[in-house]
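1. got a sequence here, can you build the structure:
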Amino acid sequence: MKHRFTIILTLLIAMFFAISCNEDVTPKPRAYFRIDIPQHDFIPYKSQAPFSFQYADYAIVSNANKPGHPYWLFLDYPKFNARIYLSYSDIEGNVARMLNDAHDLAFKHISVANDIQQKLIILPESKVYGLLYSIKGEKVASPINFYVTDSVSHFMRGALYFNNAPKNDSLSPIIKGIEKDIWHLVESLRWKEEL
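-> Reported below is the predicted structural model:
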């Protein structure tokens, strides 16, 4: 019985080497793990803030605890080590300065960007107007920036960052998925009247 097991094991090993030796061995290119955006729903963010919106249920909203800015938020995506920084301000007659600041912050990436695409946000039924900057490039720190405003009272700016060295080619599926989540946030955004 022991002799039969040794013969079978030897034949199996010989077949393995015979099969594996016939294949050409070529080095494989360096690759990244496949990353999928999970199936998700959207849940409402409601608080005392002068706005409300819906966000992906696999994200976590928290207060940024910025002194003097009670409505600045973090929207974290723990699975992807990503965070959207959301800042909110009352316009108080400073809409031109706020628009210029948002533009300047997005274009700070121009030295490492291959392309900066600007997408208009025009939602008159909810008085939400703005611009989304999709910033392409391997070493771009913030691949998505956006701002929205009603042009009179409310101004919100957002920027997506990853808590690791930028390799946006490999992060492309995540960036596209989070961009869809941002569009949903913007489309569901509602301004509240002064409290």
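2. quick one: end-to-end distance for stretch 59-72.
-> 16 Å (CA to CA, to the nearest Å).
3. what pLDDT, on average, does that stretch get?
-> Mean per-residue pLDDT for stretch 59-72: 93.
4. quick one: contacts of that stretch?
-> Residues outside stretch 59-72 that contact it (CB atoms under 8 Å, 6 or more residues apart in numbering): 45, 49-51, 55, 73-78, 85-89, 181. In short, each C-beta sits where N, CA and C put it, glycine included.
5. out of the residues you listed, which sit inside helices?
-> Using DSSP state H, the members of the contacts of stretch 59-72 that fall within helices are residue 181.
6. could you flag which of the contacts of stretch 59-72 are buried?
-> Those of those that meet the buried threshold are 45, 49-51, 55, 73, 75-77, 85-89, 181, by 16 or more other CB atoms under 10 Å.
7. quick revisit: just the ones of the contacts of stretch 59-72 in strands?
-> With DSSP state E as the criterion, strands contain 45, 51, 55, 73-77, 85-89 from among those.
8. and these, which two are furthest apart?
-> The most widely separated members of these, counting by CB to CB, are 77 and 89 (24.0 Å).
9. next, count neighbours for residue 152.
-> Neighbour count for residue 152, taken as other CB atoms under 10 Å: 11.
10. residue 127 versus that one, what's the distance?
-> 8 Å (CB to CB, to the nearest Å).
11. tell me which of the buried ones among the contacts of stretch 59-72 is nearest to residue 13?
-> Closest approach to residue 13 among the buried ones among the contacts of stretch 59-72 (CB to CB): residue 77, at 47.5 Å.
12. show me what contacts residue 91?
-> Here residue 91 is in contact with 98, 149, 151, 152, 153, 154, 155 (CB under 8 Å, 6+ apart).
13. among these, the buried ones, what's the ChimeraX command?
-> Buried residues within those, by 16+ other CB under 10 Å, are selected in ChimeraX with:
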select :98,149,153,154,155
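14. can you list the contacts of residue 91 in TSV and add secondary structure and pLDDT?
-> As requested, those are exported to TSV (DSSP: H, G, I helix; E, B strand; the rest coil; pLDDT from 0 to 100):
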residue	secondary structure	pLDDT
98	helix	91
149	strand	96
151	coil	90
152	coil	92
153	coil	94
154	strand	96
155	strand	96
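15. re the thing from before, what's the closest of the ones in strands among the contacts of stretch 59-72 to residue 6?
-> Of all the ones in strands among the contacts of stretch 59-72, residue 6 sits closest to residue 77, with 55.2 Å by CB to CB.
16. so for that closest one, what's the nearest residue that isn't a sequence neighbour?
-> residue 59 (5.2 Å; CB to CB, 6 or more residues apart in numbering).
17. same deal with residue 74?
-> Of all residues not flanking residue 74 in the chain, residue 62 sits nearest, at 4.9 Å (CB to CB, 6+ apart).
18. tell me how many other residues crowd that neighbour.
-> Neighbours of residue 62 (other CB under 10 Å): 10.
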